[in-house]
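Peer 1: 3D model of this:
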Amino acid sequence: MRRLLAISMLFCSASWAWAQDAPAPAYGLDGATADSEMVLPASISGDGFSTQFAAAGERSNYLTGGLSFLTAYDDNPLATTGNTVSDVSFGVMPFIHLNETRSRLQWQADYSPGFTFYRKLNERNQDDHNLGLDLEYRLSQRLTMRLRDAFSKTSNFLGAPGLSQSETFGPVQQSNLTVITPVLNRISNLGSGELSYQFGPNSVVGARGLSSELHFPDESAGLADSHSQAAEGFLAHRISNIHWLGMTYRFQRILTDTNNMQSYMQAMLVSYTINVTPTMTVSLFAGPQHAETTGLGLVANPRWLPAVGGSYTWQSNRMSFGGSVAHRISDGGGLAGAVQLTSFDASFRYRWLRYWELRLESSYGKSDLLDTFGLPAQNSRSAIGLIAVSREIGEHLTIEASYLRANQTGLGTSGSTVAFDRNRPQISISYRFNRPIGR
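Peer 2: Sure, this is the predicted structure:
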């Protein structure tokens, strides 16, 4: 509760989606004077890249729900080196999604509990909870407020079902989810509050506050809890119908509980986005970061580090691709301090013969501790690949078979190299329904 109150009190910023695709002198509350909706690029708003098909589009004022049954084989669920223990798991995962759009208000809510049972590792049986809220409200013709929160309690090292390692891109990206953990509880919460003001037909200014929490209840796992708070200000300008320029300033504090280490980071990032076509977008960002870490009674060691990254998305009626790469400072994701994170994510979808779909996903993460104060560095390198084939049966049922391979290499606290692999084939069957609301 205190976390949610803190997030609500953060005075926030920018994500804006209520203007026009071409310059216009006025902005009506009901959108009557707007030719089309203007949306900030992901490098400013923080929205993740989409791999929806071009014809799919996001439907508004809908209730979506369903239920998934799955069984998986994991050859190393405890993520150990040497003598590994394999196991078979069974899962039941209901889900519900609700979204609604009004003249001034847009909001959506997602909730997906999960229940996982293991044949051998009965003590690892889990109940998962994934909850997401996103609310956007136009306070006036030019002033927009947005509140977002994502809570997750899961034993899946990928977080919520799926492979995507991050929900956001670029300067707004917050959490480090590249560290592969064993089957154990991981509780995380990412919240943000935003205010944005459109002071011209093509210009937006805003401020944002973010809070991120990561907690591992099982202390014997050797993973570190972390807390992060950040404040941002940004300016975005559309220089033509397809070109965007932006600037973001960020101040961030990262606290790691294990050794009480605190890292303070400031960054000034410039971003550029081009909408090559209505279904193809390229975004880039770069800038300097200043970081210093204190802890263990030692003197801070300030330094300058670069931040750079980019993303590419493309969609058609039967294929879609999205990818992003970033090099930046982040929380440790379970490591004992803030890290310099290099991450890569890519997703490809292809639909054929109307009912069949192929999905390929990959992720790579390299986390290097900013400061070790002479202690052995607990760094991490991880790589994940997924291939999945699904078949729709009628209007509501889908069967999917997938295979996931994960590898992680790192330097342990004792100074020795630790490496392990995980292979996870899975079969699932899902029932899904859609119902219009407010009509």
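
Peer 1: wait, doesn't residue 407 sit right on residue 380?
Peer 2: No - the criterion here is Cβ atoms under 8 Å, and residue 407 misses it with residue 380 at 11.2 Å. Just so you know, the C-beta spots here come from the backbone N, C-alpha and C atoms, and that holds for glycine as well.

Peer 1: Count the residues that sit near residue 102.
Peer 2: With neighbours defined by other Cβ atoms under 10 Å, the count for residue 102 comes to 12.

Peer 1: In terms of pLDDT, where does it sit?
Peer 2: Residue 102 is assigned 90 on the pLDDT scale.

Peer 1: With residue 191 instead?
Peer 2: On pLDDT, residue 191 comes in at 91.

Peer 1: What of residue 263?
Peer 2: So, for residue 263, pLDDT stands at 91.

Peer 1: Any idea how far the helix or strand hosting it is from the middle of the chain?
Peer 2: Applying DSSP states H and E as the criterion places residue 263 in strand 261-277. Centroid separation for strand 261-277 versus its chain: 15 Å, with Cα atoms, centre = their mean, to the nearest Å.

Peer 1: Next, the buried residues of that strand.
Peer 2: Judged by neighbour count (16 or more other Cβ atoms under 10 Å), strand 261-277 contains these buried residues: 261-265, 267, 269, 271-273, 275.

Peer 1: With adjacent residues omitted, what lies nearest to residue 182?
Peer 2: residue 79 (3.9 Å; Cβ to Cβ, 6 or more residues apart in numbering).

Peer 1: wait, that neighbour sits on residue 419?
Peer 2: No - using Cβ under 8 Å, residue 79 makes no contact with residue 419, being 10.5 Å away.

Peer 1: Pull up the overlap in contacts between the two.
Peer 2: Shared contacts of residue 79 and residue 419 (Cβ atoms under 8 Å, 6 or more residues apart in numbering): residue 408.

Peer 1: Which one's more surrounded, those two?
Peer 2: Legend: neighbour count by other Cβ under 10 Å for residue 79 and residue 419, higher for residue 79 (20 against 10).

Peer 1: quick one: the more buried one is in a strand?
Peer 2: No - using DSSP: H, G, I helix; E, B strand; the rest coil, the secondary structure at residue 79 is coil, not a strand.

Peer 1: what are the pairing partners of the helix or strand that residue 132 is a member of, and which direction each?
Peer 2: Per DSSP H and E: residue 132 is located in strand 126-138. Take DSSP bridges as the rule and strand 126-138 pairs in its sheet with strand 105-118 (antiparallel), strand 143-154 (antiparallel).

Peer 1: can you give me how far that strand is from the chain middle?
Peer 2: 13 Å.

Peer 1: what comes up buried for it?
Peer 2: 126, 128, 130-134, 136, 138.

Peer 1: And the top strand by length along the chain, what does it pack against?
Peer 2: Ordering each strand of the chain by length in residues (DSSP state E) puts strand 417-436 first. For strand 417-436, the elements it packs on are strand 62-74, strand 397-411, judged by 3 or more Cβ pairs under 8 Å, 6 or more residues apart in numbering; DSSP states H and E.

Peer 1: tell me the mean pLDDT over the first one?
Peer 2: Taken as a whole, strand 62-74 has an average pLDDT of 94.

Peer 1: Just the CA trace of it, in PDB.
Peer 2: The C-alpha trace of strand 62-74 is given here as PDB (Å, rounded to 0.1, in the frame of the first residue of the first chain):
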ATOM      1  CA  TYR A  62     -13.600  -4.200 -24.800                       C
ATOM      2  CA  LEU A  63     -13.500  -6.900 -22.100                       C
ATOM      3  CA  THR A  64     -11.100  -9.700 -23.000                       C
ATOM      4  CA  GLY A  65     -10.600 -12.800 -20.800                       C
ATOM      5  CA  GLY A  66      -9.700 -16.400 -20.900                       C
ATOM      6  CA  LEU A  67      -7.900 -19.400 -19.400                       C
ATOM      7  CA  SER A  68      -4.700 -21.200 -20.300                       C
ATOM      8  CA  PHE A  69      -3.600 -24.700 -19.400                       C
ATOM      9  CA  LEU A  70       0.100 -25.600 -19.900                       C
ATOM     10  CA  THR A  71       2.700 -28.200 -19.200                       C
ATOM     11  CA  ALA A  72       6.400 -27.700 -19.500                       C
ATOM     12  CA  TYR A  73       9.600 -29.700 -19.000                       C
ATOM     13  CA  ASP A  74      12.600 -27.800 -17.400                       C
END
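
Peer 1: Run the angle between it and strand 417-436 for me.
Peer 2: 150 degrees (axes from the mean of the first three to the mean of the last three Cα atoms, to 10 degrees).

Peer 1: again with the longest one
Peer 2: Here strand 397-411 runs at an angle of 150 degrees relative to strand 417-436 (the same axes, to 10 degrees).

Peer 1: Give me the contact list for strand 397-411.
Peer 2: 79, 157, 163, 179-180, 359, 376-393, 417-432.

Peer 1: Report the buried members of those residues.
Peer 2: 79, 157, 163, 179-180, 359, 377-386, 388, 390, 392, 418, 420-422, 424, 426, 428, 430, 432.

Peer 1: Where does the prediction get shaky in this protein?
Peer 2: 1-38, 48-50, 54-59, 157-174, 296-299, 372-377, 411-417, 438-439 (pLDDT under 70).

Peer 1: all helices of it, in order?
Peer 2: In the chain, helices defined by DSSP state H lie at 2-9, 42-45, listed in chain order.

Peer 1: Just checking the distance from the last one to the centre of its chain.
Peer 2: Right, helix 42-45. On Cα atoms, centre = their mean, the centre of helix 42-45 falls 13 Å from the chain's centre.
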